[in-house]
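Colleague: prediction below, plus the sequence it came from.
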Amino acid sequence: MPARYARLSPSAVRTQLADALARLRGSLELPEGFPDEVIAEADAVVASGVAVDGSDETRADLRDVPFLTVDPEGSRDLDQALCVQREDDGFAVLYAIADLAAFVRPGGAIDQEARRRGQTLYAPDGSVPLHPETLSHGAASLLPEQDRRAYVWRFAVDAAGALRAPAEPPVRAWVRSRRQWTYADAQETIDAGTAPEPLALLAALGPALVAQEAARGGASLNAPEEEIVATDDRYDLRARAIVPLELWNAQLSLMTGMAAAAIMLQRGSGILRTLPPAPADAIAELRRRVALIGRPWPESQTYGDYLRGVDRDDPAAPAVMHAASALFRGADYVAFDGTPPSQPTQAAIGAPYAHATAPLRRLVDRFVLAMCTDAPPWARESLPELAETMRRSSGLAGRLESAAVDRVEAAVLHAHVGDVLDAVVVSTTSSGSRVQIADPFVIATVPEAREPGSEIRVRVAAADIADGSVTLQVV
């Protein structure tokens with residue numbers, strides 16, 4: 001092993017990684033903190049206790065509804081709260097979304113800065129928030145045991161998971177969450193049969209909504225996520241399995257986004273999140289690739305059903321998922337006013353769809369919620385500009401995530417230089433093969449072409465934390 005690797009302690013590796021991530025932030029020109037005028041405006045609106053748009057005068061009082069939130073551990077920017085109740089032989093779903101429009105004056109300092117940012121950016125060394133934490137972690141967040149302003153959607157759903165009638169626009173209301181749950185704690189309570197009814201019923205509703213997705217022709221990858229775990233002196237990478245509750249909760253968000261899209265299309269003005277159907281040659285290529293992996297996609301089976309049937313414990317699963325992701329490309333934001341877009345559908349969902357459930361973290365959601373209610377001029381006039389803002393910020397988010405993960409992966413593999421590790425080939429490239437190492441959970445390139453799905457062993461030859469490059473050799 002080269003001496004320069006052997007001499008570095010875990011704390012020194014962490015220091016190098018911190019420097020590399022700081023340089024990455026600088027190269028991407030990420031903002032540090034908020035301008036003084038933005039902080040001052042946020043503090044002032046919170047201190048006033050009054051909505052900037054006068055919506056408190058007609059706001060409904062839904063504080064008696066036993067809402068709850070379910071989020072990753074440590075979350076403070078809580079966009080959504082849910083309450084599922086029995087109604088006849090089906091369900092009544094109340095879904096509350098944080099009301100940012102009550103805090104953000106159109107054209108004001110907060111609004112202008114949010115338009116510059118577009119969305120919250122996430123990095124291992126800390127996020128770059130869309131809004132000051134006075135709002136996103138405080139007065140606008142649906143924190144437990146706090147009176148909060150929200151847009152509240154109500155869905156009447158039958159036992160099969162289908163809407164009994166088209167969804168009505170949301171109402172602006174006061175809500176009060178009873179408890180903040182983590183996904184792990186909520187899933188454990190559901191499995192033990194001790195969850196409160198508004199949460200326990202999600203276990204009955206969620207699978208029904210997944211079945212509706214299948215009937216629409218929708219599909220979800222639901223692949224394990226690469227999770228960065230920081231300890232006192234190092235970073236680790238591991239595969240985070242998705243618990244069933246996350247899938248069920250995501251279905252509520254999808255249902256809301258579809259309802260928002262339907263309302264805006266009916267009214268003739270709004271902004272959609274679109275994804276074109278995969279072209280025939282891309283589908284044919286996927287069938288060819290998964291057949292070579294040894295996991296063929298039957299002609300009689302839909303794309304979504306094929307993905308839902310993939311065994312995540314199968315060694316070939318990473319290669320199948322990587323190949324399948326090729327059909328999820330081309331997502332865009334499309335604004336319209338008067339003439340609906342010629343292609344309004346989000347193909348992976350199987351219906352028109354809009355981002356509407358994360359206004360604390362994504363700019364477009366505040367505008368979609370406004371367009372679904374009173375469609376104020378400030379929202380409608382900004383739609384074309386908004387689409388371009390979201391494209392730009394999404395591109396920046398992608399570059400940050402990719403480069404940051406590269407640097408963390410290099411830091412993690414630094415301790416394994418000289419080691420031989422088990423890996424699975426996920427794809428072939430012009431420069432060799434992309435492989436997924438099982439432990440630590442890292443994806444990197446080897447300079448040899450190998451069949452996707454094949455299991456190989458690789459030696460870590462080098463790991464450069466500064467630029468995130470890793471050199472692997474096939475053993």
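Modeller: Okay, I see it.
Colleague: residue 299 - how many residues pack around it?
Modeller: Neighbouring residues of residue 299 were enumerated by other CB atoms under 10 Å; the total is 6. Backbone N, C-alpha and C define where each C-beta goes, glycine included.
Colleague: now swap in the one 10 residues further on and tell me
Modeller: When counting by other CB under 10 Å, one arrives at 11 neighbours for residue 309.
Colleague: all helices for the stretch 301-450 of the chain, in order.
Modeller: 303-308, 317-324, 363-372, 377-380, 383-414 (DSSP state H, counting those that start in this stretch).
Colleague: which one of the ones you listed lies closest to residue 177?
Modeller: With CB to CB as the criterion, residue 177 lies closest to helix 363-372 of the helices of the stretch 301-450 of the chain, at 18.3 Å.
Colleague: and the angle from the closest one to helix 383-414?
Modeller: Per axes from the mean of the first three to the mean of the last three CA atoms, to 10 degrees, the angle that helix 363-372 makes with helix 383-414 is 150 degrees.
Colleague: gap between helix 363-372 and the chain center?
Modeller: 17 Å (CA atoms, centre = their mean, to the nearest Å).
Colleague: helices and strands around it, which ones?
Modeller: Secondary-structure packing of helix 363-372 (3 or more CB pairs under 8 Å, 6 or more residues apart in numbering; DSSP states H and E): helix 109-117, helix 244-267, strand 269-274, helix 377-380, helix 383-414.
Colleague: mean neighbour count, those: which tops it?
Modeller: Highest mean neighbour count among the helices and strands packed on helix 363-372 (mean count of other CB atoms under 10 Å): strand 269-274, with a mean of 24.
Colleague: neighbouring strands - and their directions - for that strand?
Modeller: strand 332-337 (antiparallel) (DSSP bridges).
Colleague: and the partner strand, average pLDDT?
Modeller: Here strand 332-337 scores 96 as its mean pLDDT.
Colleague: what comes into contact with that strand?
Modeller: Applying CB atoms under 8 Å, 6 or more residues apart in numbering, the contact partners of strand 332-337 are 268-275, 341, 343-344, 364, 380, 383-384, 386-387, 390-391.
Colleague: a markdown table please, covering the helices of the stretch 301-450 of the chain and showing distance to residue 283.
Modeller: Formatted as a markdown table, these follow (distance: least, CB to CB, whole Å):
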| stretch | distance to residue 283 |
| --- | --- |
| helix 303-308 | 8 |
| helix 317-324 | 11 |
| helix 363-372 | 30 |
| helix 377-380 | 37 |
| helix 383-414 | 24 |
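Colleague: output these in TSV; the columns should cover distance to residue 216 and mean pLDDT.
Modeller: What follows is the helices of the stretch 301-450 of the chain, written out as TSV (distance: least, CB to CB, whole Å; pLDDT from 0 to 100):
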stretch	distance to residue 216	mean pLDDT
helix 303-308	8	87
helix 317-324	18	85
helix 363-372	21	98
helix 377-380	28	96
helix 383-414	24	95
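Colleague: for residue 67, find the nearest of those helices.
Modeller: Comparing the helices of the stretch 301-450 of the chain by CB to CB, helix 363-372 comes nearest, at 17.0 Å.
Colleague: I'd say residue 269 and residue 368 touch.
Modeller: No: look at residue 269 against residue 368 with CB atoms under 8 Å: they stay out of range, at 11.1 Å.
Colleague: let's have the helices and strands packed on helix 363-372 in JSON lines, adding distance to residue 422.
Modeller: Formatted as JSON lines, the helices and strands packed on helix 363-372 follow (distance: least, CB to CB, whole Å):
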{"stretch": "helix 109-117", "distance to residue 422": "41"}
{"stretch": "helix 244-267", "distance to residue 422": "27"}
{"stretch": "strand 269-274", "distance to residue 422": "38"}
{"stretch": "helix 377-380", "distance to residue 422": "52"}
{"stretch": "helix 383-414", "distance to residue 422": "14"}
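Colleague: so which of the ones you listed comes closest to residue 164?
Modeller: Closest among the helices and strands packed on helix 363-372, using CB to CB: helix 244-267, at 12.7 Å.
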